[in-house]
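>>> Have a look; sequence and predicted model below, questions after that.
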Amino acid sequence: MTAVLIGLIVLPLAWATLAFLLGPGRGAVPAIVALAVQLGLAATLAHGVSVDGALVHPVGGWGAPLGIELAADGLSAAMLLLNQAIALPLAIYARAYFAADDPAGRHFWPLAGFLVAGLNALFLAADLFNLYVTLELVGLAAVGLVAAGGGTQQVAAALRYLFATLLGSGAYLLAVALVYGAYGTVSIATLLPLVTAEAPRLILIAGALAGIGLALKTALFPFHFWLPPAHGSAPAPVSALLSALVVKASFYLILRLWLGPFAPLAAAADWLPATLGAAAIFWGSWQAIRAVKLKRLIAYSTVAQLGYLFLIFPLLAQTGALQAGVMQVFAHGLAKAGMFAAAGVIIKATGQDTVAGLAGVVERLPVTLFAFGLAGMTLMGLPPSSGFLAKWLLIEAALAQGAWIIAIVALAGGLLAAIYIFRVLRQAFLLAPEGGDVAPVPRTLEWTAFALSATSVLLGLRGVELMRLVGSGG
Amino acid sequence: MIPTSGTIFAVTGAMVFALGVAGVVLIDHLLRRILAFNLMGSGIFLILVGLAQRHDVPDPVPQAMVLTGIVVAVAATALALALVRKLHVLSGRLTLPEDGE
Amino acid sequence: MKRLAVATAALAFTLALISAMLELPAPAIDLRGPVAAQLAASGVDHPVTAVLLNYRGYDTLLEIAVLLLGVLVILAVGVERPAAAAEQPDPLLEMLVRLALPLMIVVAVYLLWAGAFRPGGAFQAGAVLAAAAVLRHLAGLQAGWAAPGPRLRLGLVAGFVVFLAVAVALLAQGALLQYPPAQAGILILAIESALTLSLALILAGLFLFLSP
């Protein structure tokens, strides 16, 4: 099982380096093969964790606090599974998406490889400083993917993203420095018994800094300003990777810190993330309803859907809330990836990127539009999709603790999502205008988009296993 | 209370960090913003090293962490400079354009 | 208005942080003991090098990946360099560089070797070599780099690949990057040598890929 753990980190590093060595534009096939292997490894790990409980690996043979430890529990195993499950179809999509001379595609593979490696390493890390290095790896790779081969708008969006992400990791690093100064260690396992409710004031400041920094990276309202330009102007496979996976990594870290070392101090402030989450849902949905460009609409939808994740914080006393959060991560990840993939196909085919330009698309790209619709189903929370399951778990947990406001916000969010989803679908079902030209797109693109969206819906039927995984292994 | 050298480093680091963050948030000129980010990083490193040696003998672990942090900051700064250069070549600007929508 | 708000917030934060730092009790865990105790088994004599390449070597591995990523993004963004006017290298600068360069190479090799028992090591040596390359460029003796060919690409990743390969090979011993105490010294030196070469190329590349 150690080899499985290590393989998930080493394999993507290896194929990223190989892709770089092979030269610009190459490296797609090793990436896809390796990602398939990684998916198998992640599934093996998930099975192992649900049977045997949490795994710990001391790197270098030195245990904490002297050395660095890697740890895999139910939550990490679930995130790893999601990571590979989304990256693999997107890799197949990207291979067909980038034309041979596309400047954005020439450096996609090594950058994507480092991104996946960084994400895997982040989910397996159990040391606060190691987490900082993985956060930087993920952040810089993401910025690179947004900026690669782009024009003014893309580079400006990448710069905005870069400053936001550097501020975020800077705040997080300061928090790590303060924790080390107070306790003499940065290992999460060692810190757990040390941090009590009477922790020195410095730890409160550290917790606030880490929270703000990571909220900046997760684009929680009001720190969401960088997300719509970055996700809206990047190439479709990049937007999919960013919305589905990268923002979830910093959310995972917030959850990990909230439930772990900072647990005794966190309970007092749990209304804050929930309030900001509610604001994100309303603001993001409102902006999505008003958006002119298709990818901007989808990006604002991400801002809104991320709000759901923060509604769970006042409810974490119950396991149901954590499972609701993870289910929402899965639902949104798969659906958003599928949605961006579908949008990429539509934009490539019609040559237009506005919502108005979608008129008549349904006749030419039925599979793609079906994929968009299925993803929309998940975002709205219609049964039997995983989005419905996530909302149901959330509402159930909220009502069990008497937090009926949260339940109302969740339902309202679903209605608002319906408005902007149907805005797109209605436009697509209009009669085709004269002379509308649709370029042929590779079948692979349509079917990977469909696969991602369909999985997001079908996951709702098999959600129980995921819930059990998260509930097990600590 | 006579402050030890470690405490002085840490206090200075706190001030430098705050200056750096204020710079990144407020300054519009991109090159100066990158400088402010480096200032922020230096502040954090000062705190890391200072807090750890506020009693007597220096501690090697935070010093190794600072080395790692410096390398990461170099990579980030180089990346930022390349992006600013590209923005300047494409649009002639050294400040970020208003976000369109 | 915004400036006032940010400035006030920064000031308040600084005061809170400083006062919290001053009232901090002694830390619960002191790692200096374990670092010194295990130093004999770590393969080097200097505690910071031991932390960097042995105890927390995994951090160093990922940090090399971050550096490599930096070069990668610079190449991906694709800066068009202004066409260089063919300049005569300034004779004074040229002589200065010709004097300084061999010295810098010697210093770099020394730093690499000394890292085992003094402050030094791969990063410092690589930085000095990169500075030598930048100095040559500033004197007009070295053109900026275009997109890297296969050999330069190999050089850029060599250190990272060696480090990763050794780390994974040691998995057979037990854990990732677990050096057997007898060979730790020689393994660390080998890794550091490969790293010095790659770091020199990467750091020089961060400058030279963007220069005419």
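All right, it came through fine. Numbers count the residues shown, from 1 in each chain, chains lettered A, B, ... in the order given.
>>> What strand or helix carries the residue nearest the centre of chain C?
What sits nearest the mean C-alpha location of chain C, by C-alpha atoms, centre = their mean, is C:Phe123, with 3.6 Å. Taking DSSP states H and E as the criterion, C:Phe123 maps to helix C:122-138.
>>> Enumerate the positions of the helix or strand that contains A:Ala342 that are buried.
A:Ala342 is part of helix A:319-350, with elements assigned from DSSP H and E. Neighbour counts over helix A:319-350 (16 or more other C-beta atoms under 10 Å in any protein chain shown) mark A:320-350 as buried. Yep, even glycine has a C-beta here, placed from its N, CA and C like the rest.
>>> Now narrow the residues you listed to whatever sits close to chain B.
Contacts with chain B are made by none of those, judged by C-beta under 8 Å from any C-beta of the partner chain.
>>> quick one on the thing from earlier: by neighbour count, which bits of the helix holding C:Phe123 are buried? Give me those.
C:122-137.
>>> restrict those residues to those near chain B?
Okay, of the buried residues of helix C:122-138 touching chain B (C-beta under 8 Å from any C-beta), that's C:Phe123.
>>> for chain B, what spans make up the helices?
For chain B, helices defined by DSSP state H occupy the ranges B:5-26, B:30-52, B:60-91.
>>> Show the pLDDT at the residue nearest the centre of chain A.
For chain A, the residue nearest the mean C-alpha position is A:Leu245 (2.6 Å; C-alpha atoms, centre = their mean). The per-residue pLDDT reported for A:Leu245 equals 94.
>>> what's near enough to touch it?
Applying C-beta atoms under 8 Å, 6 or more residues apart in numbering or on different chains to A:Leu245 gives the contacts A:Leu82, A:Asn83, A:Ile86, A:Ala87, A:Leu115, A:Leu119, A:Gly333.
>>> Near the third one, how many other residues are there?
Number of residues near A:Ile86 (other C-beta atoms under 10 Å in any protein chain shown) recorded here: 25.
>>> just checking, next helix/strand downstream of the one helix or strand it maps to?
Assessed by DSSP H and E, A:Ile86 sits inside helix A:74-97. Downstream of helix A:74-97, the next assigned helix or strand under DSSP H and E is helix A:108-124.
>>> What is the helix or strand following that next one packed up against?
Remark: after helix A:108-124, the chain's next helix or strand is helix A:128-147, criterion DSSP H and E. Packed against helix A:128-147, as judged by 3 or more C-beta pairs under 8 Å, 6 or more residues apart in numbering or on different chains; DSSP states H and E, are the following elements: helix A:108-124, helix A:152-183, helix A:236-241, helix A:247-259, helix B:60-91, helix C:57-77.
>>> Select, out of those helices, the one closest to A:Ala230.
helix A:152-183 (4.3 Å; C-beta to C-beta).
>>> ok, then the element right after the closest one?
Later in the chain than helix A:152-183, the nearest helix or strand by DSSP H and E is helix A:188-191.
>>> and the helix or strand following that following helix, anywhere near chain B?
Remark: after helix A:188-191, the chain's next helix or strand is helix A:201-218, criterion DSSP H and E. No - Helix A:201-218 lies apart from chain B when judged by C-beta under 8 Å from any C-beta; the minimum separation is 8.8 Å.
>>> List the contacts of helix A:201-218.
For helix A:201-218, the external contacting residues (C-beta under 8 Å, 6+ apart) are A:135, A:139, A:164-165, A:167-172, A:174-176, A:178-179, A:181-182, A:195, A:223, A:247-248, A:250-251, A:253-254, A:257, A:262, A:265-266, A:273, A:276, A:306, A:309, C:16-17, C:19-21, C:23-24.
>>> for chain A, which spans come out with low pLDDT?
A:433-437, A:472-474 (pLDDT under 70).
>>> circling back to that earlier point, any idea which of the helices of chain B gets closest to chain A?
Across the helices of chain B, the minimum distance to chain A, taken as C-beta to the nearest C-beta, is reached by helix B:30-52, at 2.9 Å.
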